[in-house]
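> what follows is a predicted structure for the sequence shown.
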Amino acid sequence: MAGNNLLFVCVDCLRSDFVGTDHADTPFIDNLVASGIDYREMYATATTTTPCVTSFMTGTYSEHNGVYSLEEARLNESVPTLAEHLSAAGYETTAMVTGPIVADTGLDRGFDEYAYRDRNEELVGDWFDEAVATLEGLEEPFFCYLHLWEIHDPVRVPDTYDDPEYGRYPYARTLSALDRSLEQLCDHLPSNTAIALHGDHGEAFAYRDSYLHRVLKVLRTGLRYGLGIDTRAIERRLKRRFDSDPSVPDHFMEDGHGENVFDFASNVPFVLFGPDIDSATVERQVRQVDILPTLLEYVGVDPSNDRPIDGESLLPPGSVSDRDAYIRACGKSLIREANWQRAVRAADHKYVEYVGRDWDTELYDLETDPLELNPIENDRIATQLKHRMPEEDIRDGESLEIDGLLRDLGYK
């Protein structure tokens, strides 16, 4: 495994339940899942891009790296990145990125080249040839990070794939198109290249075509996020009415990501495929912070310093046990930090708190209520999970000046 190249593909908004399933037509991704290590129960650190990417690039939670949201997003200088570790080991490192992960975040550290592109430059479009040229120009061993935006809202389905045979939703049809482009891109990889496929966070999209959903969501945003009125009881009644048998796990009041910590927004795929990797499926609960130590172990690289991290390696897959997952909701659409949420998912339960509001916490029994529609009362379990949240260590409160970019990306 030492000396293998590494292509890390992060598909923004990619849900775990759309990887290796029949929700979309994705034969290339299906082959990665069948032939590689498929971690089915990985949970994101947040449901917003920049904190998630920082988490898997550093193996740390926001409380330990300083990146808390899309705007409060400057990586602390003392925290090393995956690219820095691999660069110190002699890897050529390059990144092809888009979305909110601009160089000002500090996520460019360790990359020989950090190529940022407009969100409209897609692998399913004309940008494909540039991506191929970048890959073919790399010296071995190399680490290439590729961040893709195709299934992020607003989704633009390529005409050839705008058909139900490629999935029920535009999200699925575009993922089907992206699958073919990924396969063609990977045809240009050297044989000693491993592929890591990941989604930074999930996405809610099942009710986007509902006029009633859109109206009620606007009202919810004004009342709950604007005025600070606790609308959760009304929301739960609506969800129980409309979410009893969804075609995919989703909630009637939700759209997009960043506003909640539900499983459909936080359960993300992680697949590792390549030389010396045997097929395996891991059903144990793991975390996004575990990715960095896993990839370093796979390529046989020791960390370039001894700074502690929150993650642990997921290799070998047969030795993985359940790990507490810490999740945050800190999206731009929550308007202000007072509306942020924190959660711990462990032992078939999820504990949720609203740190900026004087609201009751929530506890869900995920075994009997997987859609998280009916909070339960159990002070003992709630207290145990609350005490498993990380303590804040690094925070300087500095915000990036990227309002124009965020508006262009569709964040409000």
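All right, it came through fine.
> poorly predicted segments of the protein, please.
The model of the chain has pLDDT under 70 over residues 1-2, 244-245, 412.
> all strands for the protein, in order.
Per DSSP state E, the chain carries strands over the ranges 5-11, 37-43, 92-97, 113-116, 142-148, 193-198, 267-273, 280-287, 325-329, 341-346, 349-353, 362-365.
> output those as CSV; include the columns mean neighbour count and distance to residue 335.
(C-beta placed from N, C-alpha, C; glycine too.) Output for the strands of the chain, formatted as CSV (neighbours: other Cβ atoms under 10 Å; distance: least, Cβ to Cβ, whole Å):
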stretch, mean neighbour count, distance to residue 335
strand 5-11, 24, 27
strand 37-43, 24, 25
strand 92-97, 22, 26
strand 113-116, 16, 27
strand 142-148, 23, 26
strand 193-198, 22, 29
strand 267-273, 24, 25
strand 280-287, 18, 28
strand 325-329, 26, 12
strand 341-346, 23, 13
strand 349-353, 22, 18
strand 362-365, 20, 20
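> do a quick rundown of the helices in the protein.
Secondary structure of the chain by DSSP state H: the helices cover 27-35, 49-58, 62-65, 82-88, 128-136, 170-186, 211-220, 232-242, 263-266, 291-299, 379-386, 403-408.
> nearest to residue 355, of those helices?
For those, distance to residue 355 was read as Cβ to Cβ. The smallest value, 10.9 Å, belongs to helix 379-386.
> just the angle between the closest one and strand 349-353, please?
Put simply, helix 379-386 runs at 70 degrees to strand 349-353, going by axes from the mean of the first three to the mean of the last three Cα atoms, to 10 degrees.
> any idea how far the nearest residue to residue 257 once chain neighbours are set aside is from residue 328?
In space, and not counting its chain neighbours, residue 257 is closest to residue 47: 4.8 Å by Cβ to Cβ, 6 or more residues apart in numbering. Taking Cβ to Cβ, to the nearest Å as the measure, residue 47 falls 8 Å from residue 328.
> cool, and residue 130?
Taking Cβ to Cβ, one finds residue 130 at 34 Å from residue 328.
> kindly report the same for residue 258.
For residue 258, the distance to residue 328 - Cβ to Cβ - is 10 Å.
> now the common contact residues for these two.
46-48 (Cβ atoms under 8 Å, 6 or more residues apart in numbering).
> closest to residue 235 out of the residues you listed?
Using Cβ to Cβ, those come closest to residue 235 at residue 47, 16.8 Å.
> you'd agree the closest one is up against residue 331?
Yes. Residue 47 is within contact range of residue 331, at 6.7 Å (criterion: Cβ atoms under 8 Å).
> overlap in contacts, those two.
257-259.
> dump these into JSON lines; add distance to residue 16 and neighbour count as well.
Formatted as JSON lines, the shared contacts of residue 47 and residue 331 follow (distance: Cβ to Cβ, whole Å; neighbours: other Cβ atoms under 10 Å):
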{"residue": "257", "distance to residue 16": "13", "neighbour count": "30"}
{"residue": "258", "distance to residue 16": "17", "neighbour count": "23"}
{"residue": "259", "distance to residue 16": "19", "neighbour count": "27"}
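> and of those, the nearest to residue 378?
residue 259 (25.4 Å).
> can you give me phi and psi for that closest one?
The phi/psi pair for residue 259 (degrees, to the nearest 10) reads phi -100, psi -10.
> wait, it touches residue 332, no?
No. Using Cβ under 8 Å, residue 259 is not in contact with residue 332; the gap is 9.5 Å.
> burial count for the closest residue to residue 335 other than its chain neighbours?
Closest residue to residue 335 apart from its sequence neighbours, by Cβ to Cβ, 6+ apart: residue 225 at 4.5 Å. Using other Cβ atoms under 10 Å, residue 225 has 18 other residues around it.
> let me see the contact set for the residue nearest to the spatial centre of the chain.
By Cα atoms, centre = their mean, the mean C-alpha position of the chain lies nearest to residue 200, the distance being 1.6 Å. Applying Cβ under 8 Å, 6+ apart, we find residue 200 in contact with 10, 12-14, 44, 49, 52-53, 56, 268.
> cool, and residue 395?
63, 66, 68.
> show me which of these are buried.
63, 66, 68 (16 or more other Cβ atoms under 10 Å).
> thinking again about what came up before, just give the nearest non-adjacent residue to the residue nearest to the centre of the chain, would you?
residue 52 (3.9 Å).
> and that neighbour, how many neighbours?
Other residues close to residue 52 by other Cβ under 10 Å number 27.
> and for the one 10 residues further on?
When neighbours are defined as other Cβ under 10 Å, residue 62 has 27 of them.
> circling back to that earlier point, backbone torsions only: list them for the residue nearest to the centre of the chain.
Dihedral angles (degrees, to the nearest 10) for residue 200: phi -70, psi -40.
> how close does it sit to residue 11?
Counting by Cβ to Cβ, the gap from residue 200 to residue 11 is 8 Å.
> equivalent analysis for residue 35, please.
18 Å.
> same question for residue 186.
14 Å.
> so what sits opposite the spatially closest residue to residue 138 that is not a sequence neighbour in the bridge?
Leaving aside its sequence neighbours, residue 138 sits nearest to residue 92 (Cβ to Cβ, 6+ apart; 5.5 Å). When assigned by DSSP bridges, residue 92 has beta-bridge partners residue 142.
> look up how far residue 281 lies from residue 183.
For residue 183, the distance to residue 281 - Cβ to Cβ - is 22 Å.
> and residue 109, what is it in contact with?
Residue 109 is in contact with 75, 80-81, 83-84, counting by Cβ under 8 Å, 6+ apart.
> export those residues to a markdown table and tack on distance to residue 343 and neighbour count?
Converted to a markdown table, those look like this (distance: Cβ to Cβ, whole Å; neighbours: other Cβ under 10 Å):
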| residue | distance to residue 343 | neighbour count |
| --- | --- | --- |
| 75 | 23 | 23 |
| 80 | 27 | 22 |
| 81 | 26 | 24 |
| 83 | 29 | 23 |
| 84 | 30 | 19 |
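> nearest to residue 338, of the residues you listed?
residue 75 (24.5 Å).
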